[in-house]
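> from the sequence below, what's the structure:
(2 chains)
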Amino acid sequence: MAIDWKQYDPKPFFDELIAKPGKPRKPAKPLTDYLSSLDDAEIQSRKAAADSAILEMGISFTVYTEGENIDRAWPFDIIPRVITKAEWERVSEGLEQRLTALNMFINDIYNKQQIFKDKIIPRYVLKQSKNFREQCVGITPPHGVWAHICGTDLVRDGKGDFYVLEDNLRVPSGVSYMLENRQVTKRVFPELFENSSILPVDEYPTQLFDMLASISPRPQDYPEIAVLTPGIYNSAYFEHSFLAQRMGAELVEGADLVVGDDDCVYMRTIDGLERVDVIYRRIDDEFIDPEVFNPDSMLGVPGLMRAWRKGNVGLANAPGAGVADDKVMYAFVPEVIRYYLDEEPILPNVPTYLCVDDKDREYVLDHLDELVVKPANESGGYGMLVGPHATKKQRAEFAQLIQKDPRNYIAQPTLDLSVAPTLCGDDIEPRHLDLRPFILQGVRTDVTAGGLTRVAMRKGSLVVNSSQGGGSKDTWIVDEEN
Amino acid sequence: MLSRVAERVYWMARYVERAENTARMVTAFHLLALDMPKSVQLSWKGLVEVTGNDELFDNHYQREDERNCVKFLLADADNPSSVLNSLRSARENVRTTRDLVPSEAWEVMNELYLFARDEIDQGIGKRGRFEFLSSIVQRCQTLTGLLAGTMSHDAAYDFIRLGRNLERADMGTRQVDVGALKLLKKDHDDPEPYEGLLWTSILRSESGFQMYRQHVKRRINGVDVVRFLLQDSAFPRSVTHALKQVQDALESLPNNEVPLRLVIQARRHAMNANVDELLAEDGLHDFVDRLQQDIADIHGANAETWFLAAPAQAA
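Model prediction:
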């Protein structure tokens, strides 16, 4: 028995591949036709081939449970998700516009603060921001860029329009899995790549290297680039070592680096100390330099901030870049784009209510059963209230939390996240998904062709995190003209 | 190459070699015990002394019987050099250098540790001991062979070679010490006939029995065995051969002056020993002690040169 697309009904959600039962969207048609040409046994054997490729290639992520670290095989669904090139170009422009404005905004925050003086954004927003770093005031990094690597989470609503859910400007993860998903899909469905024009994603490590090189304080030399990892116990260690390998950079831990009396950064090698020009740090701000931030940090490098402030080392992302990660700041991004670029935002935000605003708060408190409430500075979905799924007691608790600290909460309407056909056991069923493209900004800006698609593997679930059973898919940007 | 990474592969090799050597030593002593008449008692505690961890042993055990000694050497969680702990540490070091070490080596290492962990009781008990220990030795050899045959012979490999051969030289001197300490407790006047068996067993510890036979061709006696284990330039587990390997590995590494000077001294020290005199004058134990100090100094120089935090200097 092959897949019968007439039996597949994504209602009431927008489906990435199927317009309505039996009617695939045009760009997805070669894929859906091909899939229905395979019988069940063939599909299962492709699935098995993907699983063994993931094991062989050692694609894993780390889960920490019960005092032990376990490397789990990366969860992967073989059916790709398809977006047209024309559609993606628009999204890509929107992302570029967004990151350009965000970087101007961050640079303004740490320097003139003109946007507050011009009263575009109220000053309180900054006062209570957890990710604002006093220590960065007065600095302008090379090219005025603070967030060099940004992972922006996009979702599609019931009509299929893209919205920005959040910007991750601190140490966004996932790009290695985007690259590996493509490798696996190429092994599993080589035929499909012969007949359609799927934009390649493999350039990312080269672009990342070039971006990092563009912030080197010694541009005349071959820059020495290092990826700074918290170590093997970090859940993203696979990605850290993957990126270091692909870029030909050193993978270092804090103890491998030392800041000299000359305020330059060196790594300890068997040849002695070697100067490091650029550090792609995958450690949070608070831990990178015990002299300046958390004095107990064993992960960081004493003096790193000193070296960076003097311009002797490039840091990506720059410390303090997370100030724009704040969910209250997020609400103002459309204003930020208009203010700095004098353009209309290409990608809309999800409508957001700021609890600190009296009118908004009143609305939120009256509609808790319809809204998702998020704390402003948490990541990874912690401390959230999903109104429609919450109990009365939980909603009452949240109402109290909001009244106690309104600045710390925002609320958004629950979205009808789009779905895509996903192999679940023996059947193909619709599952919710999101998309995390990666934007690089140095001397120029690059956006990945697509990004990492994460899938909520449980029926009806909106949770896409791999540590909580989420999966992933290859993301195809298809050029229909070819 | 990062200092931290160099240190990890160096220790990985040392730990694997240590586990293998301990397994060999217990095997040989196990076989020797089976050959000995009731009137001659073996001191299992002597084996513990050879590894230099006897104080640790005394803190944890009352009786110095075979079971306690074997358990201490193979499985004890408190003994950092036990076979199980050595393999666990080696595995952790491979795990953290997986981007450098061939992936098959990681698999072999992982299986080796899991095997030791799951079957350790076989090694402690008498019946399964021989099979268990043979399997440990074999798997360690597989790993060593895999690294030699599949890993680029670059600086990382030099550190592996350095660690392995330094550990081997160290354990080699300790084996010679087993003979020097005269582990046979005689309860009658003439232990001579059994000393031959003891020296044979020491050769077996180093898998050197056959090679000794081929190359020395004389009745097994203390002087020849010690000379073979200390000074034979062709036997891969002799102390001078291992030190030559250390020297070779050191020669291709940067900033090698201090450790290189020390290894050349140690080698000369081992080569120039007059074994006849040492045995006749009961000086072997002291000699071995000094040689072990030489080896410890080479290790110290390695750490100083490549692994420890180099002081930051203005460029």
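> for stretch A:129-140, give the mean pLDDT please.
Across stretch A:129-140, pLDDT averages out at 92.
> can you tell me the distance between the two ends of it?
The first and final residues of stretch A:129-140 sit 20 Å from each other (C-alpha to C-alpha, to the nearest Å).
> what residues sit buried inside it?
Of all the residues in stretch A:129-140, those buried under the rule 16 or more other C-beta atoms under 10 Å in any protein chain shown are A:129, A:131, A:132, A:133, A:135, A:136, A:139. Every residue, glycine included, has its C-beta placed from N, CA and C.
> same question for stretch A:328-347.
Residues A:328-334, A:336-337, A:339-340, A:345-347 are the ones in stretch A:328-347 that count as buried (16+ other C-beta under 10 Å).
> one more: stretch A:211-225?
For stretch A:211-225, burial by neighbour count (16+ other C-beta under 10 Å) applies to A:211, A:212, A:213, A:214, A:215, A:216, A:217, A:223, A:224, A:225.
> can you check stretch B:106-121 too?
Residues B:106, B:108, B:109, B:112, B:113, B:116, B:120 are the ones in stretch B:106-121 that count as buried (16+ other C-beta under 10 Å).
> roughly how far out does it sit from the chain middle?
With C-alpha atoms, centre = their mean, to the nearest Å as the basis, stretch B:106-121 stands 19 Å off its chain's centre.
> what of stretch A:34-46?
32 Å.
> tell me the buried residues in it?
Residues of stretch A:34-46 classed as buried: A:35, A:43, A:46 (neighbour count, 16+ other C-beta under 10 Å).
> distance between the ends of it?
Terminal residues of stretch A:34-46 are spaced 13 Å apart (C-alpha to C-alpha).
> what sits up against that stretch?
Here stretch A:34-46 makes contact (C-beta atoms under 8 Å, 6 or more residues apart in numbering or on different chains) with A:1-5, A:78-79, A:188-189, A:191-192, A:423, A:426.
> residue A:155 belongs to a strand, doesn't it?
Yes - the assignment for residue A:155 by DSSP: H, G, I helix; E, B strand; the rest coil puts it in a strand.
> and it, how far from residue A:367?
20 Å (C-beta to C-beta, to the nearest Å).
> mind checking which of those two has more residues around it?
For residue A:155 versus residue A:367, neighbours defined as other C-beta atoms under 10 Å in any protein chain shown are more numerous around residue A:155 (21 against 13).
> OK, contacts around that one?
Here residue A:155 is in contact with A:162, A:163, A:165, A:350, A:415, A:417, A:418, A:434, A:435 (C-beta under 8 Å, 6+ apart).
> may I see the buried residues of stretch B:256-271?
B:256, B:258, B:259, B:260, B:262, B:263, B:266, B:267, B:269, B:270.
> out of the residues you listed, which sit inside helices?
If you go by DSSP state H, the buried residues of stretch B:256-271 have B:258, B:259, B:260, B:262, B:263, B:266, B:267, B:269, B:270 in helices.
> pLDDT and distance to chain A for those residues - can I get that in CSV?
Output for those, formatted as CSV (pLDDT from 0 to 100; distance: C-beta to the nearest C-beta, whole Å):
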residue, pLDDT, distance to chain A
B:258, 96, 14
B:259, 96, 12
B:260, 97, 14
B:262, 97, 17
B:263, 97, 17
B:266, 96, 22
B:267, 96, 23
B:269, 93, 27
B:270, 95, 27
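> among the buried residues of stretch B:106-121, name the ones in helices.
The subset of the buried residues of stretch B:106-121 located in helices under the criterion DSSP H comprises B:106, B:108, B:109, B:112, B:113, B:116, B:120.
> center of the chain - which residue?
No chain in the question, so chain A it is. residue A:151 (2.9 Å; C-alpha atoms, centre = their mean).
> count of neighbours near the residue in the stretch 1-150 of chain A that chain B sits nearest to?
Nearest residue of the stretch 1-150 of chain A to chain B (C-beta to the nearest C-beta) works out as residue A:58 at 6.7 Å. For residue A:58, the tally of surrounding residues (other C-beta under 10 Å) stands at 15.
> now do the contacts for it.
residue B:103.
> that one in helix, strand or coil?
Secondary structure state of residue A:58, per three-state DSSP, is coil.
> quick check: the spatially closest residue to residue A:264 that is not a sequence neighbour vs residue A:302, distance?
In this structure, residue A:264 finds its nearest non-sequential neighbour in residue A:312, 4.7 Å apart by C-beta to C-beta, 6 or more residues apart in numbering or on different chains. Distance, residue A:312 to residue A:302, using C-beta to C-beta: 15 Å.
> sorry, back to before: so which of the buried residues of stretch A:34-46 belong to helices?
By the criterion of DSSP H, membership of the buried residues of stretch A:34-46 in helices covers A:35, A:43, A:46.
> what about the first one, distance to residue A:6?
Per C-beta to C-beta, residue A:35 is found 14 Å from residue A:6.
> residue B:194 now?
88 Å.
> show me the shaky parts of the chain.
This is for chain A. Low-confidence segments of chain A (pLDDT under 70): A:1, A:64-70, A:379-381, A:482.
> could you do chain B instead?
Using pLDDT under 70, the flagged stretches of chain B are B:181-193, B:309-315.
> longest helix of it?
The longest helix of chain B (DSSP H) is helix B:3-35.
> what are the pairing partners of the helix or strand following it, and which direction each?
Using DSSP states H and E, the helix or strand that directly follows helix B:3-35 along the chain is strand B:40-42. Take DSSP bridges as the rule and strand B:40-42 pairs in its sheet with strand B:184-186 (antiparallel).
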